[in-house]
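Colleague: starting from these lines, generate the structure:
(chains A and B)
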Amino acid sequence: KQEVTQIPAALSVPEGENLVLNCSFTDSAIYNLQWFRQDPGKGLTSLLLIQSSQREQTSGRLNASLDKSSGRSTLYIAASQPGDSATYLCAVIGSQGNLIFGKGTKLSVKP
Amino acid sequence: KAGVTQTPRYLIKTRGQQVTLSCSPISGHRSVSWYQQTPGQGLQFLFEYFSETQRNKGNFPGRFSGRQFSNSRSEMNVSTLELGDSALYLCASSLQGNEQFFGPGTRLTVL
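Modeller: Alright, predicted model coming up:
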């Protein structure tokens, strides 16, 4: 059974810092991995999708990497801003086609 | 292009009642998935519909059901509501079950 773990559960950083969020999964047989952002009480916003054949994806200040063999993905946020404060969720898509989520990392960026 | 829409946004019901939630996917998307989000369990997969057929189902009791119409709009129904059904219900759409885009969710409170 696929399990997704995100560490740390919460993170507080000063504005301007570069930071890394971690995601690990137990079964390397995934089709792709998707990172989301969720603001309090809101739905999920897709940030990046990494296909199983890819190693990384970039969008603006965000860079996500994928290492299937070790069951890990990282989300790198450069020059963090207070507006980046949110919960970041990692999810993998397995053979069944549905997303399996981690519990998320709650990020707080202090001005 | 309009995003995923969900109605209603908020709902209050009492135990034993039933409820129907609606989801309109992004135009052209034929896959619709439903997820339940609670503070304790996080995000859990309910079911996925593709071209009016249930393609995948999560581990929820039979009180949770859904359907998809020919225009790809989807509804989910929960019968005999229990207190534990209080949650944020999220709908996601995708072209073929790949990158998924989420709606704002329906907040269900069961009293």
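Colleague: count of residues packed around residue 26?
Modeller: If you meant another chain, say so; for now it's chain A. Using other Cβ atoms under 10 Å in any protein chain shown, residue A:26 has 12 other residues around it. Heads up, the C-betas are built off the backbone N, CA and C, glycines and all.
Colleague: wait, I meant chain B there
Modeller: Number of residues near residue B:26 (other Cβ under 10 Å) recorded here: 18.
Colleague: for residue B:82, same thing?
Modeller: For residue B:82, the neighbour count with other Cβ under 10 Å is 12.
Colleague: hang on, residue A:76 packs against residue A:64?
Modeller: Yes: Residue A:76 is in contact with residue A:64 according to Cβ atoms under 8 Å; the separation is 7.4 Å.
Colleague: which one of these two has more residues nearby?
Modeller: Neighbour count, other Cβ under 10 Å: between residue A:76 and residue A:64, residue A:64 has more, with 25 against 15.
Colleague: which neighbouring elements make contact with whichever strand or helix holds that one?
Modeller: Per DSSP states H and E: residue A:64 is located in strand A:62-67. Helices and strands touching strand A:62-67, by 3 or more Cβ pairs under 8 Å, 6 or more residues apart in numbering or on different chains; DSSP states H and E, are strand A:32-38, strand A:44-51, strand A:56-59, strand A:72-77.
Colleague: which bits of chain B sit near chain A?
Modeller: Proximity of chain B to chain A, by Cβ under 8 Å from any Cβ of the partner chain, involves residues B:4, B:6, B:33, B:35, B:42-45, B:48, B:55-56, B:58, B:88, B:90, B:92, B:97-105, B:107.
Colleague: quick revisit: in TSV: the helices and strands packed on strand A:62-67, plus mean pLDDT and distance to chain B.
Modeller: Formatted as TSV, the helices and strands packed on strand A:62-67 follow (pLDDT from 0 to 100; distance: least, Cβ to the nearest Cβ, whole Å):
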stretch	mean pLDDT	distance to chain B
strand A:32-38	96	7
strand A:44-51	94	4
strand A:56-59	96	11
strand A:72-77	97	15
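Colleague: buried deepest among those, which one?
Modeller: Compared across the helices and strands packed on strand A:62-67, strand A:32-38 shows the largest average neighbour count, a mean of 22 (mean count of other Cβ atoms under 10 Å in any protein chain shown).
Colleague: is it correct that residue A:57 is in contact with residue A:48?
Modeller: Yes: counting by Cβ under 8 Å, residue A:48 is a contact partner of residue A:57 at 4.7 Å.
Colleague: shared neighbours of the two, anything?
Modeller: Common neighbours of residue A:57 and residue A:48 (criterion: Cβ atoms under 8 Å, 6 or more residues apart in numbering or on different chains): residue A:64.
Colleague: which helix or strand contains the residue positioned nearest the centre of chain B?
Modeller: By Cα atoms, centre = their mean, chain B has its centre lying nearest to residue B:34, at 3.6 Å. Under the criterion DSSP H and E, the helix or strand holding residue B:34 is strand B:31-38.
Colleague: what's the angle from that strand to strand A:32-38?
Modeller: Taking axes from the mean of the first three to the mean of the last three Cα atoms, to 10 degrees, one finds strand B:31-38 and strand A:32-38 inclined to each other by 50 degrees.
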